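# One predicted model, sequence on top.
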Amino acid sequence: MSYLTDVNGERQRLYGDDLTFREWHRFPTLPAYCSMIDIDIVEYCKDCRQPLALIETAIDVGQLFKPTTVTKNLAVLAGIPAYLILYKIAVKNQSIGDCRVKKIYPPESNFRLLEPEEVKELIIQIHQNCFCGGEDG
Ligand SMILES: [Zn+2]
């Protein structure tokens with residue numbers, strides 16, 4: 001999920017994030033059955049490069065539902081956990097605010113309200129679970 005700020009604009013320039021390919025990928029350029037999604041985040045181990053978790057993200061606008069079926073199916077195939085994180089934007093410090101976090105797999109959970117520090121701990125914990133036991137794992 002992208003939002004437009006000077007900080008993100010700078011990030012887009014550096015890493016080439018852009019919607020052009022995704023827009024091109026739609027019907028009628030490609031047949032409607034060529035469906036796709038973006039996986040927002042793949043947490044991976046910096047030592048062994050194995051994927052550790054999939055995370056779908058979106059700005060929290062009070063939505064009760066966000067489709068996650070494809071992400072869940074991918075997590076099942078990969079044997080890794082998957083999460084949905086809906087985040088508020090803390091405008092004053094251009095960071096995330098409170099988040100609603102839902103484990104998609106395994107097993108699916110209800111949304112939990114987490115503060116940014118708790119989300120940070122969740123992500124750190126994901127990295128500490130790598131089987132390789134790397135220097136930071
Ligand atoms: Zn590892």
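Perfect, I can see it now.
# and the longest helix along the chain, does that touch the ion?
Scanning the chain for the helix with the most residues, using DSSP state H, yields helix 116-128. No: figure legend: helix 116-128 not in contact with the ion (C-beta under 5 Å from the ion); closest approach 8.4 Å. Placement of C-beta: from N, CA and C, glycine included.
# what distance separates that helix from the middle of the whole chain?
Its chain's C-alpha centre and that of helix 116-128 lie 13 Å apart, by C-alpha atoms, centre = their mean, to the nearest Å.
# And stretch 53-65, by the same measure?
8 Å.
# do the same with stretch 20-29
22 Å.
# For stretch 46-66, report the contacting residues that lie outside it.
1, 3, 39-45, 68, 71, 74-75, 78, 80-89, 98-100, 104, 126-127, 129-132, 134-137 (C-beta atoms under 8 Å, 6 or more residues apart in numbering).
# Going through those, which ones are buried?
43-45, 68, 71, 74-75, 78, 80-87, 98-100, 104, 126-127, 130, 137 (16 or more other C-beta atoms under 10 Å).
# Run through the bridge partners of the closest residue to I41 other than its chain neighbours.
Of all residues not flanking I41 in the chain, I55 sits nearest, at 3.9 Å (C-beta to C-beta, 6 or more residues apart in numbering). Each beta-bridge partner of I55 is listed here: I41, Y83, as defined by DSSP bridges.
# rewinding a little: what residues of the longest helix of the chain count as buried?
116, 119, 122-123, 126-127.
# about what we covered before: could you list which of the contacts of stretch 46-66 belong to helices?
71, 74-75, 78, 126-127.
# okay, stretch 103-117 in PDB with CA atoms only?
The C-alpha trace of stretch 103-117 is given here as PDB (Å, rounded to 0.1, in the frame of the first residue of the first chain):
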ATOM      1  CA  LYS A 103      -3.200 -13.900  11.600                       C
ATOM      2  CA  ILE A 104      -4.300 -15.400   8.400                       C
ATOM      3  CA  TYR A 105      -2.500 -18.700   8.800                       C
ATOM      4  CA  PRO A 106      -2.100 -20.800  10.900                       C
ATOM      5  CA  PRO A 107      -4.800 -20.700  12.300                       C
ATOM      6  CA  GLU A 108      -6.800 -17.700  11.300                       C
ATOM      7  CA  SER A 109      -7.400 -15.400  14.200                       C
ATOM      8  CA  ASN A 110      -9.700 -12.400  14.900                       C
ATOM      9  CA  PHE A 111      -8.300  -8.900  14.700                       C
ATOM     10  CA  ARG A 112      -6.200  -7.700  17.600                       C
ATOM     11  CA  LEU A 113      -5.500  -4.100  18.300                       C
ATOM     12  CA  LEU A 114      -1.700  -3.600  18.600                       C
ATOM     13  CA  GLU A 115       0.400  -0.500  19.200                       C
ATOM     14  CA  PRO A 116       3.300   0.100  16.800                       C
ATOM     15  CA  GLU A 117       5.700  -1.300  19.500                       C
END
